[in-house]
Structures are given as C-alpha cells and as structure tokens.
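Enquirer: starting from these lines, generate the structure:
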Amino acid sequence: SINKISLVLYGIALVTAILGTIHARIGRVRTYSVSKSLFPEHWAGRRIVLISDTHIGQVNGKGFLKKVIKEIQDQKPDMVVIAGDLIDGPKFPIEWLDELDTLSAPQGVYFIPGNHDEYSRVFGKVEKILRAKIIVLNDEKTIVDGVQLVGIAYRKEKKEVTKALIESMNLEKNIPSIVVLHDPKNVQALIDHDVTLTLSGHTHRGQIFPGNLIVKKIYGKHGYGMSQTNNTVSITSSGRGTAQPAMRVASTPEIVVITVK
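Expert: Numbers count the residues shown, from 1 in each chain. Have a look, this model is predicted:
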C-alpha cells in the first residue's frame, strides 16, 4: 500500500540522515605523492597538508576546529595550506581563532579566503587576526624555501580573469610554483601558465548524493582528487567540514597529505 511505501521511504531517509551526519564527523587522511623532480632537491620528503572547507561557525564549533588542528599536527606537516572556507558567516565568534595558536609547521601555515569566509560580516576583523597568527595570501605571492606560493581569493570570475591575475603575479618560469585557488573551476588558466601544483577545495565532492555526480559533470577531473595535465599536478580536496546540512553521503571528509618523493 501507499502508506507502507511511504513508511519505508521515510525510514530510508531517516537512516541515511543519521548515518550521513555521523559520517560527516569522522575524517580520514587522504595521501598523494608528487614527484621530487618537480621541486628543489631539498624539498624531497616534505609533507604538505591541505585542509579546506572546515566551515567553523554556524555548523561546526570551536571543538571541531580543535579536533581538526590536532589531526593536522598529527601528520607532522612541513607546510599547511588552508584553501578557504575556514569559517562560515554571517556571525563568527572571533575568539575561536585562538585555537590556531596551536597550529604550526616549519615552512609556515598559509590561508587563502573562500566564499564562505567572506560571507561573514566580520571578515575584515577575522583577516586581521589571521594575519597576526598565520600567513594570509589574499591575491598575494610569497617565496617558501625556493618555491613560489600564490593564494588567489575566491571570486565569481571567468577563466580570463584568473589568467590575467596569475600573469600579474610575475611568476618566475624556472622556479617551481604552488597556486591555491579555492574554487577549482578556473584551474585550466593555471595549467596554461605552467604552474607546478594547484591546490583547491570548495566542491565538497558534492557532499550529498547525487551531488558528487553533479560536481563531476561540472568540474570534470578537477572536481575531486589528483590529476595531471601537461606539466601541472592539480589536487582538489573534498574538505573536512560541511556546509548546511551537516551530513555527507557519497562524499568523505578529509585532510590531504601531499608528500614530495
């Protein structure tokens, strides 16, 4: 009968929601390796931890941030890259950022803004505090032990805008480069520029089925995981947290460890 079918469907939805909520809280460590031939010799063996989309604020609290920082530190990173959506607006308890004082890496901790960071009404204050604790790359470039590191802030833009921005950074062609782009939609512009390694988040790998299939359709191979095109290696993380709703189905939360070897 219709009532029995409705009851079964309701039960499936309830179980999926419960399991999806539990699944969203349990992170895994996703590992990749990139060839040491792409980097200076002294980078061999180094570990880059990529973290994105923690969405601290309305969905995930201070305790979650503390847990994620421990997960990162447990990997003994040489460098940490936070590829956007660290916080979630519109309100954010700024004192929670004090947890970042326990986050450290020999080659530095770097943050690139995502779209949800900038939804916060207090992002100006957040960015100021972040700059006192870690290195913020908001359309900025720095040199990390012989490697160029660029952070491109999120914006709704066409590939040509990303292309013009990366060209304005005046990257040295004979020095390896890592470019962090929160949303991987314009990764092709970085590939065209012969960037060594691109790092992204944003997609959550769809977060909830069939979102993973939609992400694959929109982003292709750049929607999740590692791929190589010409001279460029690209890695997109599914992220560690969740946007609302706080569940994941067919998408696993992760921190990413990239080893140069």
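
Enquirer: contacts, neighbours, all on C-alpha from now
Expert: OK.

Enquirer: would you map the helices across the stretch 151-261 of the chain?
Expert: Using DSSP state H, counting those that start in this stretch, the helices of the stretch 151-261 of the chain run over residues 159-168, 187-192, 211-219.

Enquirer: check which helices and strands the shortest one sits against.
Expert: This points to helix 187-192. Applying 3 or more CA pairs under 8 Å, 6 or more residues apart in numbering; DSSP states H and E, one finds that helix 187-192 makes contact with helix 159-168.

Enquirer: for the helix it packs on, what is the average pLDDT?
Expert: Here helix 159-168 scores 94 as its mean pLDDT.

Enquirer: return the set of buried residues in it.
Expert: Within helix 159-168, the residues that qualify as buried are Thr162, Lys163, Ile166, counting by 16 or more other CA atoms under 10 Å.

Enquirer: turn these into CSV, columns for distance to Lys173.
Expert: Putting those into CSV (distance: CA to CA, whole Å) gives the following:
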residue, distance to Lys173
Thr162, 18
Lys163, 15
Ile166, 12
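
Enquirer: out of the residues you listed, which is nearest to Gln73?
Expert: Checking the buried residues of helix 159-168 against Gln73 by CA to CA gives Ile166 as the nearest, at 30.9 Å.

Enquirer: show me what contacts that closest one?
Expert: The neighbours of Ile166, taking CA atoms under 8 Å, 6 or more residues apart in numbering as the test, are Leu190, His193.

Enquirer: now do 7 Å
Expert: By CA atoms under 7 Å, 6 or more residues apart in numbering, Ile166 lies in contact with nothing.

Enquirer: residues contacting the helix or strand hosting Val15, please?
Expert: For Val15, the element it lies in under DSSP states H and E is helix 2-25. For helix 2-25, the surrounding residues in contact (CA under 7 Å, 6+ apart) are Ala246, Met247, Arg248, Val249, Thr252, Pro253.

Enquirer: now a PyMOL select for only the buried ones of these.
Expert: Entered in PyMOL, the line below selects the buried ones among the contacts of helix 2-25, by 16+ other CA under 10 Å:
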select buried, resi 246+247+248+249+252+253
